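Colleague: Here is a sequence together with a model predicted from it:
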Amino acid sequence: MKRILHITTDNKFISHALITFENVYPGQNTVWMFANGHDGHVSKNHRDLEFVFFDTFKPSFLKKLAEFDLVVVHGFDLFKYPLVALAPAGVKFAWLGWGYDYYDYIYANPDDLLLADTLALKNKCRQESLKQSIHPVKLIKKIARSAIEVLFRKRALKRIGSISPVLKEDYDLLKSAGLLKPLPDFLPWNYGSLEESLIKNFIGQRISGSKVLVGNSASFTNNHLEAFELLQQLGNSEQSQLQVIAPLSYGDDCCKQAVIEKGKAFFGDNFQPVTDFMPIDDYVALIKQCGFVVMNHKRQQAVGNIVIMLYLGARVFLREENPTYQMLKNTGAVINKVDELIAQPSLLKTPLTENEITNNIDVLYKHWSKAVIDQKTKNLVEFHLGALA
């Protein structure tokens with residue numbers, strides 16, 4: 001019997017992780033959750049202990065970490081640095097990456113991920129944010145964050161025994177960038193399997209409409225503005241019939257408002273922004289109306305949405321420089337580049353064939369089936385604790 005501790009915020013992904021960890025190590029998982037760290041949507045996730053940031057500096061709190069054989073850190077940000085850095089010697093840590101927590105180690109300048117119009121929007125929003133940051137309380141918080149970064153980041157990184165980014169391609173980028181030092185060992189792992197999480201109640205179903213899904217959040221890296229511009233340019237006559245769904249339930253508020261404004265200007269009543277969090281079944285039922293998907297990210301993002309839509313049979317367009325495109329293309333998936341829409345606008349009216357859909361589903365099961373995700377979980381724990389774990 002091993003004791004596995006999960007350090008997390010209250011978020012929509014942790015339940016997926018606990019399902020597979022319980023599959024492989026039933027009754028051996030404990031959850032410590034930040035009491036004030038959540039996405040504002042989830043409140044029913046299991047937790048054995050709630051704690052606040054200042055608890056991570058208390059010797060009595062840190063001492064409890066030594067009771068566990070492995071500590072799994074879900075999303076490694078600065079609020080978790082002190083806990084890892086100050087943990088008793090011998091505590092083993094595994095980092096399950098989300099993307100946001102390691103992108104800065106890949107892209108030295110985050111603005112390189114933005115296209116021209118989106119970069120201009122971000123700069124405009126940044127100016128508004130700077131005006132607000134002059135407030136004394138916000139200024140103090142900013143200074144405190146910088147202090148935590150300086151004092152604990154390097155020490156914490158030295159304690160991490162493995163990292164599991166969303167894709168192996170992300171690890172390759174981390175390695176080539178050379179900004180994450182020391183670079184932990186790579187262990188493949190993903191949140192959620194097809195059968196138990198992503199398409200649990202939609203197995204065997206297909207897309208039911210021809211709407212276009214654009215992006216996955218209200219973050220600038222979606223490059224919504226350029227995606228909308230491209231869709232508009234495909235032809236005014238067709239455009240009046242084009243219906244667009246844009247998930248915007250989390251991210252930057254300034255970005256969200258600009259995307260909604262631009263979407264309505266381009267598509268009128270045919271534009272449907274999704275601004276509220278939805279339970280996964282309701283969300284899948286909504287995006288199931290989309291026969292086409294345009295993800296205009298330069299970086300890996302929205303993998304869960306992409307997997308769901310490929311399973312349901314949608315034609316998916318990704319940017320060629322996106323690591324997700326490279327991964328799916330290399331594994332045999334039928335996937336399109338965003339640039340192909342310029343040369344072949346008719347692709348936005350050309351559904352995948354049943355053979356192409358079946359091929360994509362086969363590819364997905366090789367990477368996201370329950371059996372595969374459970375095996376990745378077993379491999380991760382055994383890496384840290386040995387084959388008898």
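Modeller: Received the coordinates, thanks.
Colleague: Where does pLDDT dip in the stretch 1-150 of the chain?
Modeller: Within the stretch 1-150 of the chain, the stretches with pLDDT under 70 are 36-44, 130-135.
Colleague: how does it look with 80?
Modeller: 36-45, 128-142 (pLDDT under 80).
Colleague: For it, which segments count as strands?
Modeller: Along the stretch 1-150 of the chain, the segments classed as strands by DSSP state E, counting those that start in this stretch run 4-10, 29-38, 49-51, 70-74, 93-96.
Colleague: Contacts for the shortest one, please.
Modeller: Contact partners of strand 49-51, identified using CB atoms under 8 Å, 6 or more residues apart in numbering, comprise 30, 31, 32, 33, 34, 35, 61. All C-beta spots, glycine's among them, are computed from the backbone N, C-alpha and C.
Colleague: Likewise for stretch 158-174?
Modeller: 73, 76, 84-85, 87, 91-99, 102, 105-106, 180, 182-190, 300, 303, 323-324, 326-327, 380, 383-384.
Colleague: what sits against residue 93?
Modeller: Neighbour list for residue 93: 70, 71, 72, 73, 84, 87, 159, 160, 161 [criterion: CB under 8 Å, 6+ apart].
Colleague: Only whichever of the residues you listed are buried, select them in PyMOL.
Modeller: A single PyMOL command selects the buried members of the contacts of residue 93 (16 or more other CB atoms under 10 Å):
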select buried, resi 70+71+72+73+84+87+159+160+161
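Colleague: Distance to residue 45 added to the contacts of residue 93, as CSV?
Modeller: Below are the contacts of residue 93 laid out as CSV (distance: CB to CB, whole Å):
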residue, distance to residue 45
70, 20
71, 18
72, 15
73, 16
84, 21
87, 23
159, 25
160, 24
161, 25
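Colleague: Going by distance to residue 139, which of the contacts of residue 93 wins?
Modeller: Proximity of those to residue 139 (CB to CB) peaks at residue 84, which lies at 27.0 Å.
Colleague: And that closest one, how close does it get to residue 302?
Modeller: 28 Å (CB to CB, to the nearest Å).
Colleague: for the lengthiest helix in the chain, packing partners?
Modeller: Counting by DSSP state H, the longest helix found in the chain is helix 136-157. If contacts are counted by 3 or more CB pairs under 8 Å, 6 or more residues apart in numbering; DSSP states H and E, helix 136-157 sits against helix 81-85, helix 116-133.
Colleague: Keeping just the C-alphas, turn the first one into PDB.
Modeller: What follows is helix 81-85, C-alpha atoms only, in PDB (Å, rounded to 0.1, in the frame of the first residue of the first chain):
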ATOM      1  CA  TYR A  81       7.100  26.700  -5.100                       C
ATOM      2  CA  PRO A  82       7.500  27.200  -1.300                       C
ATOM      3  CA  LEU A  83       5.700  23.900  -0.600                       C
ATOM      4  CA  VAL A  84       8.100  22.000  -2.900                       C
ATOM      5  CA  ALA A  85      11.200  23.900  -2.000                       C
END
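Colleague: Alright, I will stop here.
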